[in-house]
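J.: 3D model of this:
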Amino acid sequence: MASNPLVGIFRVKELRERVLFTTLMLIVFRLGAVLPIPGINVNALKVYFLAQQNSGNAIVDYLDFFAGGAFSNFSVFMLGIMPYISMSIMMQLFLIIFPALKKIAEEEGGKKRIQKYQRIGTVVVCLIQSYAVTVWADRIPNAVTIGKLTYSIIAMLTVTTGTMFLMWIGEQITKRGIGNGISLLIFAGIVARLPQAVWELVQKVQNRELNPVFVIVVLVMFAAVVALVVFEQQGQRKIPVHYAKRVVGRKMYGAQNTYIPFKINPSGVIPVIFASSLLTFPLQIASGIGANVKWLNDFSHWLRPNGIAYNVFYTLLIIFFAYFYTQVSLNPIEISKNIRENGGSIPGIRTERMEEYMTGILNRIILPGSLYLALIAILPTIIQKLFNFPSSISYLMGGTSLLILVGVDLDTMSQVESLLRMHHHEGLTKKGKIRARNL
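T.: Numbers count the residues shown, from 1 in each chain. Now for the predicted structure:
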């Protein structure tokens, strides 16, 4: 037992404290997911969403998927962390579009100012989405037990506060826990929904609503996809770099050969999360107040998650964010500049052409990687169409959920392994090393 890596986690004081703190924060997150907004009739909600589930409302399943089941409970965390992610996307785009904003970010203390603007923007996004929620609640019979105006004010304040509190929890997990707090919150929401999805699948097979052969085929397909996702996320292209001899002070450093690892999918699961978040925002508003506005109702039907338009936009956004995020995190110009400043060179490539060379490699890597991500992400829709699987099951057992589950799990294991090795313990794997994925 002494060599057991799981035992080693709790032997290291720092790692033990981080794991326990992360677990406590995730428990708080799950408790908030079942705590309803004041003024909501829980029994009326159960009746309404049961009818929606039986009628196959893909929008409800989709919104509930990203909220970890909190949406159908009308809980204080019903918007989840998606408003914060949506605002993060918009802020990164604003930094590119508006030079003045980028200049502020580059100043001393500029990052804190940008974070402040981002938090203010998150509050605005939450208020807009929470208003759509209040309009939706008015359509549910006997759901609201207090006055409409009173409920609207309480709901908007409660839900907005809930999202901001989730944002704080994510930051604390990143700072005091095992890292990647925002990603772990999304991960926990998906995992919490899996037992219910599996039980629903078993019931449908028992009631002969689903062919057992099709279920086995789909499960084998999902297992193969998980293996392919792990293989693809771990793959990388190594760019050799040679550093000549140089003198620093009174010391001479000899020549050194190293490499720059360019992952096949440098941005990891970020494009999928960004694309989902960006589509969730208009979809939730349109579906929330669409009953009162005809064109919004038509728009929500047109952009339904299992429709052609949604999946086309989803694919295009994944490809766009794969390129966008890679250019932000792996800028060939900055990498080339650092290599030149340290007296390095790429064998066979002129110094002035390093940017062009690395840009070409990144473009060739990102395109197949982003297309692969998009194919996995739309897998639930394919499963629904081919095998008549319910959307609530296919969303949780394939596509986006698989990418997020596998990606966040690999990155969390990498964080834990690095902490174990730092304290002279064996890693989580006996052979090799888990590679971080820069989530």
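
J.: quick one: the most centrally placed residue in the chain from residue 280, how far?
T.: Centroid check for the chain by Cα atoms, centre = their mean gives residue 273 as the closest residue, at 3.7 Å. Noted for residue 273: a distance of 10 Å to residue 280, by Cβ to Cβ, to the nearest Å. In short, each C-beta sits where N, CA and C put it, glycine included.

J.: again, but for residue 134
T.: Between residue 134 and residue 280 the computed distance is 18 Å (Cβ to Cβ).

J.: now stretch 144-161: average pLDDT?
T.: The pLDDT scores in stretch 144-161 average 88.

J.: what's the answer for stretch 228-246, then?
T.: Here stretch 228-246 scores 75 as its mean pLDDT.

J.: buried residues, it. List them.
T.: In terms of neighbour count (16 or more other Cβ atoms under 10 Å), stretch 228-246 has its buried residues at 229, 232-233, 236, 239, 241, 243.

J.: for it, what is the distance to the chain centroid?
T.: Per Cα atoms, centre = their mean, to the nearest Å, the displacement of stretch 228-246 from the mean C-alpha position of its chain is 25 Å.

J.: please apply the same query to stretch 305-315.
T.: Offset of stretch 305-315 from its chain centre (Cα atoms, centre = their mean): 18 Å.

J.: dump that stretch to CSV, keeping only the CA atoms.
T.: Extracted C-alpha coordinates of stretch 305-315, given in CSV (Å, rounded to 0.1, in the frame of the first residue of the first chain):
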residue,chain,number,x,y,z
PRO,A,305,-29.6,21.6,-30.5
ASN,A,306,-30.5,18.6,-32.6
GLY,A,307,-31.1,20.6,-35.7
ILE,A,308,-28.9,21.1,-38.8
ALA,A,309,-28.3,24.9,-38.3
TYR,A,310,-27.1,24.4,-34.7
ASN,A,311,-24.6,21.7,-35.6
VAL,A,312,-23.3,23.7,-38.6
PHE,A,313,-22.7,26.7,-36.4
TYR,A,314,-21.3,24.5,-33.7
THR,A,315,-18.7,22.9,-36.1
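
J.: residue boundaries of the strands in the stretch 151-300 of the chain?
T.: 236-243, 246-248, 251-253, 256-263 (DSSP state E, counting those that start in this stretch).

J.: take the ones you listed and write them to CSV, including distance to residue 191.
T.: Converted to CSV, these look like this (distance: least, Cβ to Cβ, whole Å):
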stretch, distance to residue 191
strand 236-243, 28
strand 246-248, 49
strand 251-253, 48
strand 256-263, 25
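
J.: closest to residue 152 out of these?
T.: Comparing the strands of the stretch 151-300 of the chain by their distance to residue 152 (Cβ to Cβ), the top pick is strand 256-263, with 46.4 Å.

J.: which elements pack onto that closest one?
T.: Applying 3 or more Cβ pairs under 8 Å, 6 or more residues apart in numbering; DSSP states H and E, one finds that strand 256-263 contacts strand 236-243, helix 354-377.
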